[in-house]
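K.L.:
Next one to model:
(2 chains)
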Protein chains: 2
Amino acid sequence: MNNFAWIENGSVTSTPGFRASGITAGLKKSGNPDMALVYSEAPANFAGVFTSCVFAAAPVQVCRRRVRTSSKASAFIINSGNANACTGAAGLENAEKMCELTAAELGIAGDAVLVASTGRIGVQMPMDIISKGIKLAAGALSAESGNQAAQAIMTTDTVPKACALTVELSGGKVTIGAICKGVGMIDPHMVTAPHATMICCITTDAACDNALLEKLLANNADNSFNRITVDGDMSTNDTCVIFANGKSNITLTEGSDDTAKFQAALLALMQNLARKQVMDGEGATKFVAIEIDGAPSTAAARQLAEAVANSLLCKTAWFGCDPNWGRIVAALGYAGVEFDPARVDIYYDDMIVVRQGGDAGTPEADLAKILKNREFTVKVHMNQGAGEYWVWTSDVSYEYVKINAEYHT
Amino acid sequence: MNNFAWIENGSVTSTPGFRASGITAGLKKSGNPDMALVYSEAPANFAGVFTSCVFAAAPVQVCRRRVRTSSKASAFIINSGNANACTGAAGLENAEKMCELTAAELGIAGDAVLVASTGRIGVQMPMDIISKGIKLAAGALSAESGNQAAQAIMTTDTVPKACALTVELSGGKVTIGAICKGVGMIDPHMVTAPHATMICCITTDAACDNALLEKLLANNADNSFNRITVDGDMSTNDTCVIFANGKSNITLTEGSDDTAKFQAALLALMQNLARKQVMDGEGATKFVAIEIDGAPSTAAARQLAEAVANSLLCKTAWFGCDPNWGRIVAALGYAGVEFDPARVDIYYDDMIVVRQGGDAGTPEADLAKILKNREFTVKVHMNQGAGEYWVWTSDVSYEYVKINAEYHT
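P.N.:
Numbers count the residues shown, from 1 in each chain, chains lettered A, B, ... in the order given. Predicted structure coming up:
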C-alpha cells in the first residue's frame, strides 16, 4: 500500500513555497524555450548528485562546490542549448556568473544559486543571451509555471517531464515535486550519481538537513536514474538536485518511520521520471525492463542486466520485434560473470523462451506478440544464487541513428 | 622493412599441402554457399583460440577438447546458417557427428577434425542437410578453392575475406594463408580470445609444435582480432584456428629470429583480416582507428580506447560526418579511468580538435572534410603517462539497424 498520492499535472511548483519559470533566451536555433529558473521563497536545505564523468562540466563543478560550502540554497538556474562543458576557466567563470546574475535578480547571495546546463559540448556560453534570459526568467517566476520550466530544459526530449505527489507522514502531509529532462547520453554504469545528459530538480516542503537529504537522494538515484540506459553514454553534465524548504514544518530525521515513508515516495517520484526518460529515449519505440534473479551476487546480476540492456544487437532485435533470444544469451555470456549456462531460464513477460540454457520451444509467433508491445520485460532466472538487479532500457531504431547523426550535441 | 610478400588472391589453399572447398548444402534460405572444408594432406600441428562467452557453442566446446587431447589435426569443417549454440547435449553430439562424418569421407580419425558454425543461435543442426553437405564438400576439395571456402562461411559479410603471404626465413620461404568471416557480433573486450561471430582458419607450411603455435596465435589475436569492434557484442561461436603441416621443412623454435619474423608476418596477415572485417562491418560506412597514448597505463589506455570505439553517440556522429568531439570526451570521461582532463589533446588524423581539454579552434569545415573520408584516425594524447592502445571500429548507420532489426541470427 502506497501512502502517497500523485498530483495531476504536478511539477516543482506543486510544492508550497516554490516558484518557477521557463522562457526563451535565444540559445537554441529552433527558437524553443531554453532557460528555466526554480526559486524557493525561503532559503532551503539542498543536496545534489552529479555525473561521475571525468570531464565534468563547469556548472557541475560549481554545484559540487555549493554542496560543500553553502548551507542553504534558494534558486536553480538551468539552460538548454549549451552544455558549458570542456570550456576551461572561462566556462567556470561563466557558470559562476550565471549564479551571480540570478542572485542579483532575486536579491539573494550568489552562493545560494545552483546552475545546470545541457546542450552542445565545448562552446562558450553566449553571456549576453544568458544575461538577458536570466532577467526574463526571474521576471516570469510564478507558482504555476513548473511545467513551463520542464519545457525549457528539453533538448532531444519530445515531451516535458514533470510530476509531483503528496505523502502522508505522522505529522501531516508533505509534497514532493520535480521536473527533469534527458533522453540521450543515458547510461547506468556509475554507482553514486545519476546519468545521461539528465537534469532533475526536485522540491519538497519537508524539513530535512543537507546530509540526510543527500543520503536519501543518492540511495534513490541508485534505484531509479542509475538503473536506466538509452545509449550507454554517460554525460558530462548530469545533475540531480533536491531542495527542502521546510514549509510543512514536518521534519525528517534519520531512521524514523516518516523518513522511510518519505524515501519511498521520493523513490516512486524518481522512478516515475526515470521511466518517462526511457519511454522518451531518443528514437525509442520500446520500453524494456531487464530483470535478473538467481545470480551469484548482486554485482553479478547488475553486470548481466547491463550487458543485455546495452547490447546493440538486442536493442535492434527489439526494434524489429524479433524475439531473438540468441542475442540475449550472447550478452549474458560476455558480461564477465562466471556461471553455469545450463541453469539459465529466460522469459519474455510470463512466456518462457529459454529453458536450461536452450530453446524452450515456445512458438515464435507467440513470442512475437509480446515483442510487438510498447513495453515488455526480459526476465532472466540464473538459478544459481540470490543476486538480483533490474535495469530499464529502450530499443535502437532508425530514428535513433537519425537523431544522433544529424543533431549536434 | 617487411620480409614478407602478399600473394595475390591468396587464401588457405595458397599454402602447399592444403586443399579446400566451399559448397551449398542447403542450410541458408537464400541458397547461398553454406559449408566449407579445409583439409591438410598430411596430419598437421594445430592451435586455436576461442570465444570467452560463457554460452560457448557446441563446436567451440569440441574444438577446445581437440586442442587438449589431439596432437595433430587434418581438417576443419565449417558451416554458416546455423550456430549450433545453446543446443545442449544434442548440439554437442551433432558437432561431434560433423567431425565423424567429415573424417569418414576423408579416411581419417574423427578427433583429427575441427568444427565451427555460425548463424542462428538455439536451433538444432539439420543433420540430414549437414551430412549431404559434408559429402559434397569432401568431393569438391581442391588446391585452388580457398576463396570458395571463404565465400561459404559468410553470414552478413558482403565480401569474402581471405589473404596469404610468404615470409623469408633463414632456411627458406614459408607460406601463411587464411580465410575468415565476421562483420557483426564483433567486440574486443576479452583478453585471450578473438571475438565476433568470427571464424578464421589459417594454414602454414612451417613446422611448429602445438604449444608454440598457440602462443603465436594468442599473442597475435590480442593485437588483431581482439582490437576490433563493430557492435560491442561478443559471439558464442568465435573460433580462430591455425594448422601447420611442416611441408616447408622449416622449423620454428621458441625465441629464434625466424620465429620472430614468422610472428610478424602472421600478425600482418591477421591484422589484414581484422581490418577487412571492420571495413565490411554491418552497415559500416567508416573505418575509424582509435589511438590512445600518454595514458596512466596500458590497461587505462585500453579502457579509454574501447569506450570511444563502442560509444553509440560517437559511432552515429561519425556516420553523420559530424566532428562532434564532445561525444569523444564524454566517452573518455566515463571510461572508468582517473585522469586530468585539462591535459588531453585530440586529433582527427593530423588535425587538432581538442587542446588541453577544450576546443582547439579548428574550423568545423576543415574537420568535416576528414570525417567525410571512408577512413580516419581519432588520436588521443592523454599527456599523463606511457600507456598506449589502439582499436579499430566502424560507424553505426541506418543500414546497421536494418540488418539487425531484420536479420535473424
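K.L.:
okay, now the closest residue to residue A:250 other than its chain neighbours: neighbour count?
P.N.:
Ranked by CB to CB, 6 or more residues apart in numbering or on different chains and with sequence neighbours excluded, the top spatial neighbour of residue A:250 is residue A:171, at 4.5 Å. All C-beta spots, glycine's among them, are computed from the backbone N, C-alpha and C. Per other CB atoms under 10 Å in any protein chain shown, the neighbour tally for residue A:171 reads 12.
K.L.:
Tell me how far residue A:171 lies from residue A:206.
P.N.:
From residue A:171 across to residue A:206, the span is 10 Å (CB to CB, to the nearest Å).
K.L.:
Need the overlap of contacts for those two.
P.N.:
Residues touching both residue A:171 and residue A:206 (CB atoms under 8 Å, 6 or more residues apart in numbering or on different chains) are residue A:250.
K.L.:
pLDDT below threshold where in the stretch 51-200 of chain A?
P.N.:
Residues of the stretch 51-200 of chain A meeting the criterion pLDDT under 70: A:185-196.
K.L.:
Contact residues of it facing chain B?
P.N.:
Taking CB under 8 Å from any CB of the partner chain as the criterion, the neighbours of chain B within the stretch 51-200 of chain A are A:52-56, A:83, A:85-88, A:91, A:120-123, A:184-185, A:187, A:189-190.
K.L.:
Can you tell me the element residue A:173 falls in?
P.N.:
Following DSSP states H and E, one finds residue A:173 within strand A:172-181.
K.L.:
The residue of the stretch 1-150 of chain A found nearest chain B: what's it in contact with?
P.N.:
Nearest to chain B in the stretch 1-150 of chain A, going by CB to the nearest CB, is residue A:121, at a distance of 2.6 Å. Neighbour list for residue A:121: A:57, A:83, A:85-86, A:236, A:409, B:324-327, B:329-330 [criterion: CB under 8 Å, 6+ apart].
K.L.:
hey, where'd the helices end up in chain A?
P.N.:
Along chain A, the segments classed as helices by DSSP state H run A:58-69, A:88-106, A:127-139, A:146-152, A:210-222, A:257-279, A:298-310, A:312-319, A:325-333, A:364-371, A:398-406.
K.L.:
and of the contacts of residue A:121, the nearest to residue B:115?
P.N.:
residue B:327 (41.8 Å; CB to CB).
K.L.:
just to revisit the earlier point, with the contacts of residue A:121 in mind, which one is nearest to residue A:293?
P.N.:
Among the contacts of residue A:121, and counting by CB to CB, the member closest to residue A:293 is residue B:330, at 32.5 Å.
K.L.:
tally of neighbours for the closest residue to the closest one other than its chain neighbours?
P.N.:
Distance criterion CB to CB, 6+ apart; nearest residue to residue B:330, sequence neighbours excluded, is residue A:236 at 5.3 Å. The tally of other residues near residue A:236 (other CB under 10 Å) stands at 30.
K.L.:
Report the contact partners of residue A:236.
P.N.:
So residue A:236 contacts A:51, A:53, A:55-57, A:60, A:83, A:85-86, A:121, A:197, B:326, B:329-330, B:333 (CB under 8 Å, 6+ apart).
K.L.:
cutoff 10 Å now
P.N.:
By CB atoms under 10 Å, 6 or more residues apart in numbering or on different chains, the contact set of residue A:236 is A:51, A:53-60, A:83-86, A:117-118, A:121-122, A:185, A:197, B:326-327, B:329-330, B:333-334, B:341.
K.L.:
how close does the spatially closest residue to residue A:97 that is not a sequence neighbour sit to residue B:286?
P.N.:
Closest residue in space to residue A:97, ignoring its immediate chain neighbours: residue A:127 at 6.5 Å, by CB to CB, 6+ apart. Per CB to CB, residue A:127 is found 37 Å from residue B:286.
K.L.:
returning to what we had before: in the strand holding residue A:173, which residues are buried?
P.N.:
For strand A:172-181, burial by neighbour count (16 or more other CB atoms under 10 Å in any protein chain shown) applies to A:174-181.
K.L.:
hmm, back to that, looking at residue A:127 and residue B:286, which is more packed in?
P.N.:
Neighbour count, other CB under 10 Å: between residue A:127 and residue B:286, residue B:286 has more, with 22 against 15.
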